[in-house]
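1. Following is a predicted model, sequence given first.
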2 protein chains.
Amino acid sequence: MFRMKVYRYLISILLIMLSISLLANPEGDKAPDPADTRVVQSLFREALVSGEAYKLLDHLCNKIGHRLSGSEGAEKAVQWTKKVMEDYGFDNVFLQEVMVPHWERGGKEVVQVMSAGKTMDLSVLAIGGSEPTPAQGLSAEVLEVQYLDDLDELGEAGVKGKIVFFNRKFDHSNFGGGGGYGGAVDQRVRGASRAAKYGAIGVVIRSVTSAFDDHPHTGTLVYNDSLPRIPAAALGFQSADRLTEVLKEEPKAKLYMHISSKWHPDALSHNVVGELKGSEFPDEIILVGGHLDSWDVGQGAHDDGSGCMQSIAVLHTFQKLGIKPKRTIRAVMFMNEENGVRGGQKYADLAGENKENHILAIESDAGGFSPRGFGVSAPDAVLDKFRSWLPHFDRNTILFFSRGGGGVDIGPLHRDHGVPMVGLSTDTQRLFDYHHAPNDVFEAVNRRELELGTGAMAALIYLVDKYGM
Amino acid sequence: MFRMKVYRYLISILLIMLSISLLANPEGDKAPDPADTRVVQSLFREALVSGEAYKLLDHLCNKIGHRLSGSEGAEKAVQWTKKVMEDYGFDNVFLQEVMVPHWERGGKEVVQVMSAGKTMDLSVLAIGGSEPTPAQGLSAEVLEVQYLDDLDELGEAGVKGKIVFFNRKFDHSNFGGGGGYGGAVDQRVRGASRAAKYGAIGVVIRSVTSAFDDHPHTGTLVYNDSLPRIPAAALGFQSADRLTEVLKEEPKAKLYMHISSKWHPDALSHNVVGELKGSEFPDEIILVGGHLDSWDVGQGAHDDGSGCMQSIAVLHTFQKLGIKPKRTIRAVMFMNEENGVRGGQKYADLAGENKENHILAIESDAGGFSPRGFGVSAPDAVLDKFRSWLPHFDRNTILFFSRGGGGVDIGPLHRDHGVPMVGLSTDTQRLFDYHHAPNDVFEAVNRRELELGTGAMAALIYLVDKYGM
């Protein structure tokens, strides 16, 4: 009987210890394998030391330059990235045809404010997709507003025949850059049609930027098909300040704007795909990518030359370290993220037609800045598994896996086929100083920051390849 | 008897549940107070929106410039920061006298390599504290080595009469910038005396830098008193490449170097202190600081104008949000971190003499980059308490409290008086591109990154002020 009690006690204690250990560590308390930590860290080291993505980015930016869908630059970038991956000896390199929108800016835009008999030039870029002004330009009084909804109150009586000036600033009180951008970008995307609804003849906006300089920032707009398509342009931050100053003195000051943009028929372009074939499960695909197109100013260095060059470098890093993946690792340069997402949709459609099995898609499209973590759109069990890998990462590299995230180009794959998707989260404080602007050039990218992103994606792919999803 | 058993069981279950909860959460599972989260986040928002530290840094860099101990710039910076804190209406602003080393670079240094009858100028700065060359300069054959220990093997036979060229590169395989710096900086600090030991007449080094450009990076050297003090200079990365190329072709190529630096007697300078007096525990001091001196090139923007301006802005942010601290919050601009740490030592000595009770000292001297965490040199209980505050911080701000860290200037306070110390850990990937070099200027600092550092320190101080240590 006494022995019986002792057994019972021992069993309870065992059960207790088990539940304590489970509660204390919901992952089941599996210590991270030091061998994995060594590989993870060697992937980062190789990226930092070789600077492969940085060298590629130098070529893409300085030898090819910007590359809007349908442009000569985009075509050059397609052919060159294909050749780069072939020269690296990837197992399989191919193009996917995709028809893309083709818009051209035309000559340099002009926006001038006429005040006190003097004409002042403002720093400006047409918003991507804008209709041109008449050949002689157009001029009208300016209506300055902060919010799209302000127009609903003013109505046709206040808006008709005018050029609407959306002047709302990027809100710096957000902790990442994204919140400030998201809070102001409606002016660029939907401002023109909202103004056209009440009879405006043109739109200018304060550029959506975290900087206080005078670089204008372009980006896409969306016209409402049932309304007149009026021309729209973005002013540099300082130019917007100058315009608002003039309007305080002279509320009836006139603005002149001239845009000579042109819409062409859709053009043939391509996604570029390169892969390392898996040795054990070649049909399980892990995708890493970015978008190859950029806006038609600057060099598209952060947006998104960085993500593309990192993706190629991830596969090359595996090659250099002699890591033979069990699953197929695929680098994808998507075409047309900026004004259509046609490449991302086409890729997802083909994946469906070909019954491809993507177990994970990762995108880097938050600039070539230091990584901080990954955003994960996947079931909780996946997020838990990823989090159990955090101990492999040095604190200068990856510090979190957060819920939600991914990328515009891999969005269709996630939405249409349920593929788990992950976005590289970077330190985005500087992103919106450069985003869609003439200063998004190679020199704005730091080599070490860029390469830590390469290492981070290589590391996550290594672990997913080894352990599956 | 049965009831007795039931009680025993119930008690065991209670004990088990208690231990489970303690094991699962060593902090005791206190949920973070949402009111604290709101204050923490409002401190960040205020810093981001007002850009106070950034405005101050603009003045310090562009109106005052660099400020080596004993220089006119240092004196101006002392007087100006004192006035800034007075103008903000801090409760108490004062100077602490401190005698500092006074070294001057003199005219622009020259280092030339003579090869194939031609003379090539190299990009160079004397290492801080270097003795001058003779007025006519000196020239000699060059001995290129990688490690200080290489000289021990070569001995006097290989070294005597030569100029030693330490050519070891910054190791990029480290995840933070600090490791690469730490692994190469012995060439700058101890290279001259090690070379002098074997009869060298001068030293040049490859600058300790993460960049691949041609900015030379200065910094301090330490002469061994028992050995001749020979002149020493740092070459830009590309200049070091050029020199090593020449030496491959012409091992006997001669180097000419000319430095006209001068040591003056110690000069009177000051630490600058400003404080907000505590309402409940005025004798408990929380210190936040950086060093006001910089090297004598560029503008000392990251190193460490940033830390100083953030520290003043922390106190001003409390003022603007109407937060009345219970404890005394003190901003300290330390003098002479770069070549003596006299200000840090003097501050600690005075704290001892005046029996001041510092409960915590925080230093920002890792550049005005995005914060990632805090390094903490304090008992485990303090580290645990700080970690329990992590839920207050957005993931774009502070992600960890790590063991170890602090700052050079608050080191004496920690060492001599046991004051817990904390260093702001930043994203240091770009730090050693600018460190001690002519390109460490205002434009190299990003406003949002700098201000997140202000917010981070304000937030930690707010929590320490509220809950004590």
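-> Everything's here; your move.

2. CA atoms for contacts and neighbours, from now on please.
-> Noted.

3. And for A:P134, the neighbour number?
-> Residues lying near A:P134 (other C-alpha atoms under 10 Å in any protein chain shown) number 12.

4. same question but for A:F334, I mixed them up
-> A:F334 has 29 nearby residues by other C-alpha under 10 Å.

5. list the contacts for A:A351?
-> Contact analysis of A:A351 by C-alpha atoms under 8 Å, 6 or more residues apart in numbering or on different chains lists A:N357, A:L413.

6. ok, it to chain B distance?
-> Using C-alpha to the nearest C-alpha, to the nearest Å, we find A:A351 at a distance of 34 Å from chain B.

7. Let me know whether my guess that that residue is in a strand holds.
-> No. Counting by DSSP: H, G, I helix; E, B strand; the rest coil, A:A351 is not found in a strand; it is helix.

8. any idea how far it lies from A:D409?
-> 13 Å (C-alpha to C-alpha, to the nearest Å).

9. got it, and A:R67?
-> 17 Å.

10. Now A:R395: phi and psi?
-> phi -70, psi -10 (degrees, to the nearest 10).

11. Pull out the buried positions in the top strand by length along chain A.
-> Identified as the longest strand of chain A according to DSSP state E is strand A:262-276. Buried residues in strand A:262-276, counted by 16 or more other C-alpha atoms under 10 Å in any protein chain shown: A:S269, A:H270, A:N271, A:V272, A:V273, A:G274, A:E275, A:L276.

12. Equivalent analysis for stretch A:356-363, please.
-> A:H358, A:I359, A:L360, A:A361, A:I362, A:E363.

13. Domain map for chain A?
-> In terms of domains, chain A is parsed into A:34-102+A:265-467, A:106-260 (source: automatic domain parsing).

14. and A:R67 and A:D409? which has more neighbours close in?
-> A:D409 (31 against 28).

15. my guess is that one meets A:F334, correct?
-> Yes. Between A:D409 and A:F334 there is a contact at 6.6 Å, judged by C-alpha atoms under 8 Å.

16. Need the overlap of contacts for the two.
-> Counting by C-alpha under 8 Å, 6+ apart, the contacts common to A:D409 and A:F334 are A:G290, A:H291, A:G343, A:G344.

17. Pick the one among those closest to A:N439.
-> Nearest to A:N439 among these is A:H291, at 18.6 Å by C-alpha to C-alpha.

18. give me phi/psi at that closest one?
-> phi -110, psi 140.

19. Check the one 10 residues further on too.
-> The phi and psi values for A:A301, taken as degrees, to the nearest 10, are phi -80, psi -60.

20. For B:R448, see how far away it is.
-> 21 Å.

21. So what's the residue count around whatever residue of the stretch 51-200 of chain A ends up closest to chain B?
-> Across the stretch 51-200 of chain A, no residue is closer to chain B than A:S173, which sits at 4.6 Å (C-alpha to the nearest C-alpha). A:S173: 19 surrounding residues under other C-alpha under 10 Å.

22. That one touches B:S50, doesn't it?
-> No. Using C-alpha under 8 Å, A:S173 is not in contact with B:S50; the gap is 9.3 Å.

23. helix or strand right after the helix or strand hosting A:D283?
-> Secondary structure from DSSP states H and E places A:D283 in strand A:281-291. Using DSSP H and E, the helix or strand that directly follows strand A:281-291 along the chain is helix A:306-320.

24. Contact distance from chain B - what residues of the stretch 101-250 of chain A qualify?
-> Applying C-alpha under 8 Å from any C-alpha of the partner chain, one finds that the stretch 101-250 of chain A approaches chain B through A:D171, A:H172, A:S173, A:N174, A:F175, A:G176.

25. Go again with 10 Å.
-> A:D171, A:H172, A:S173, A:N174, A:F175, A:G176, A:G177, A:S210, A:A211, A:F212 (C-alpha under 10 Å from any C-alpha of the partner chain).

26. Quick check: closest non-adjacent residue to the fourth one.
-> Spelled out, that is A:N174. A:G180 (5.9 Å; C-alpha to C-alpha, 6 or more residues apart in numbering or on different chains).

27. Now for the one you found: which residues touch it?
-> By C-alpha atoms under 10 Å, 6 or more residues apart in numbering or on different chains, the contact list for A:G180 reads A:K169, A:F170, A:D171, A:H172, A:S173, A:N174, A:V208, A:T209, A:S210, A:F432.

28. what pLDDT does it get?
-> At A:G180, the model reports a pLDDT of 96.

29. Greatest separation within the shared contacts of A:D409 and A:F334: which pair is it?
-> Greatest spatial distance in these: A:G290 and A:G343, 10.9 Å, computed using C-alpha to C-alpha.

30. Please identify every residue contacting each of those two.
-> Residues touching both A:G290 and A:G343 by C-alpha under 10 Å, 6+ apart: A:M333, A:F334, A:M335, A:E337, A:D409, A:I410.

31. Redo those as CSV? Include secondary structure and distance to B:I285.
-> Listed next are the shared contacts of A:G290 and A:G343 as CSV, based on DSSP: H, G, I helix; E, B strand; the rest coil; distance: C-alpha to C-alpha, whole Å:
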residue, secondary structure, distance to B:I285
A:M333, strand, 55
A:F334, strand, 56
A:M335, coil, 58
A:E337, coil, 54
A:D409, coil, 53
A:I410, coil, 52
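
32. coming back round to it: which of A:A301 and B:R448 has more residues huddled nearby?
-> Using other C-alpha under 10 Å as the criterion, A:A301 and B:R448 rank with A:A301 on top: 31 against 27.

33. and the gap between the more buried one and A:E245?
-> In terms of C-alpha to C-alpha, A:A301 sits 34 Å off from A:E245.

34. Check A:I312 too.
-> Distance, A:I312 to A:E245, using C-alpha to C-alpha: 48 Å.

35. between these two, who's got more neighbours?
-> The residue with more neighbours, out of A:I312 and A:E245, is A:I312; 29 against 12, by other C-alpha under 10 Å.

36. My guess is the more buried one contacts A:G274. True?
-> Yes. Using C-alpha atoms under 10 Å, A:I312 makes contact with A:G274 at a distance of 8.0 Å.

37. wouldn't A:K82 be in contact with A:L292 here?
-> No. A:K82 lies out of contact with A:L292 (C-alpha under 10 Å); the separation is 11.6 Å.
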